[in-house]
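Asker: Provided below are the primary sequence and the corresponding predicted coordinates.
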Amino acid sequence: MRSNPVAARWWHVVTLLVIVASLITQLVLVFQGTNVLVEDGTVPPSRAMRLVNYPSYFTVQSNILLGIGAAILVVRPDADGRAFRVLRLAGLIGIAVTGVVYVTLLRGEVSLDGAAVLTNIGFHYLSPLLGVIGWLLFGPWPRIEPRTIVLSLSWPVAWLIYTLIRGDVVDWYPYPFIDVAELGYGRTLLNAAGITVVFLAVGWLFAFGDRRLGDRAYGSDDVARTR
């Protein structure tokens, strides 16, 4: 059975609103210097540095990509095209990994209060759940093939390279498991390899689900013609 485009639009609207509200609220906190980006007991970085650090977080980038995909799907719930496929999958994989990594590795690393608690919930809980559940319910599928997976994973690789190069220059890393200053390159690269395995596993799960859901919604013959 094909998904309901009206219900799909409303789901993507809610997803987009959660992401936009979280991004804007967090940006205000970054500007004020009263949030998780300023560690307790340390000299706070300059406002300019905080504003550059903010979009350097993988969490922020994955939310932005998912939000752009959601915005497109609000207009066209059955959107397709090479660029859209890569964008949509990159957002889905990124937000799924964001949720998993936060819950398993980072949840105990930060102490939040006030509005930062709300942005944390939006970034790490609501956005991943809305993104993945929305894809399961409304798709669109089929949209995933091996080339799409490879292209979508080029973004996390580029992010890691950028993070390591910039971190070496400014002595700042967004996450403790890739902090070269504390761990050294050997441990950092080992951690990165582990996260890469998670990315590949999540990408495979989305590809598997995409095929099964597409077959169920459209039939195998229709699915074959869309690839």
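Answerer: Perfect, I can see it now. Numbers count the residues shown, from 1 in each chain.

Asker: report the buried residues of stretch 174-185.
Answerer: Neighbour counts over stretch 174-185 (16 or more other CB atoms under 10 Å) mark 174, 175, 177, 178, 179, 180, 183 as buried. The way it works is simple: take the backbone N, C-alpha and C, and place the C-beta from them, glycine included.

Asker: helices and strands around whichever strand or helix holds the last one, which ones?
Answerer: Which is residue 183. According to DSSP states H and E, residue 183 maps onto helix 180-218. If contacts are counted by 3 or more CB pairs under 8 Å, 6 or more residues apart in numbering; DSSP states H and E, helix 180-218 sits against helix 82-101, helix 127-138, helix 146-170, helix 220-226.

Asker: distance to residue 71 and mean pLDDT for those helices - can I get that in a markdown table?
Answerer: Converted to a markdown table, these look like this (distance: least, CB to CB, whole Å; pLDDT from 0 to 100):
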| stretch | distance to residue 71 | mean pLDDT |
| --- | --- | --- |
| helix 82-101 | 11 | 97 |
| helix 127-138 | 13 | 97 |
| helix 146-170 | 18 | 95 |
| helix 220-226 | 22 | 52 |
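
Asker: got those as a markdown table, with mean neighbour count and distance to residue 63 columns?
Answerer: As requested, the helices and strands packed on helix 180-218 are exported to a markdown table (neighbours: other CB atoms under 10 Å; distance: least, CB to CB, whole Å):
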| stretch | mean neighbour count | distance to residue 63 |
| --- | --- | --- |
| helix 82-101 | 22 | 7 |
| helix 127-138 | 20 | 5 |
| helix 146-170 | 15 | 13 |
| helix 220-226 | 12 | 28 |
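
Asker: residue 48: which of the ones you listed is closest?
Answerer: helix 146-170 (11.3 Å; CB to CB).

Asker: can you tell me what sits against that closest one?
Answerer: 49, 56, 58, 61, 65, 82, 85-86, 89-90, 93-94, 97, 172-174, 178-181, 188, 192, 196, 199-200, 203-204, 207 (CB atoms under 8 Å, 6 or more residues apart in numbering).

Asker: and for stretch 11-29?
Answerer: Under the criterion CB under 8 Å, 6+ apart, residues 35, 37, 54, 60, 63-64, 66-67, 70-71, 73-74, 77, 115-116, 118-119, 122-123, 126-127, 130-131, 134, 137-138 lie in contact with stretch 11-29.

Asker: residues in contact with residue 191?
Answerer: Contacts of residue 191 (CB under 8 Å, 6+ apart): 177, 178, 183.

Asker: quick one: contacts for the first one?
Answerer: Okay, so that is residue 177. Residue 177 is in contact with 105, 183, 188, 191, 195, counting by CB under 8 Å, 6+ apart.

Asker: which one of those is nearest to residue 43?
Answerer: residue 183 (22.1 Å).

Asker: take the contacts of residue 191 and write them to JSON lines, including pLDDT and distance to residue 109.
Answerer: JSON lines is the format used below for the contacts of residue 191 (pLDDT from 0 to 100; distance: CB to CB, whole Å):
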{"residue": "177", "pLDDT": "93", "distance to residue 109": "10"}
{"residue": "178", "pLDDT": "94", "distance to residue 109": "13"}
{"residue": "183", "pLDDT": "96", "distance to residue 109": "14"}
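
Asker: ok, of these, which one's closest to residue 31?
Answerer: Taking the contacts of residue 191 together and measuring to residue 31 by CB to CB, the closest member is residue 178, at 25.3 Å.

Asker: for the nearest residue to the closest one once chain neighbours are set aside, which residues are in contact?
Answerer: Distances taken as CB to CB, 6 or more residues apart in numbering place residue 188 nearest to residue 178, at 5.3 Å, with adjacent residues excluded. Counting by CB under 8 Å, 6+ apart, residue 188 touches 164, 177, 178, 179, 180.
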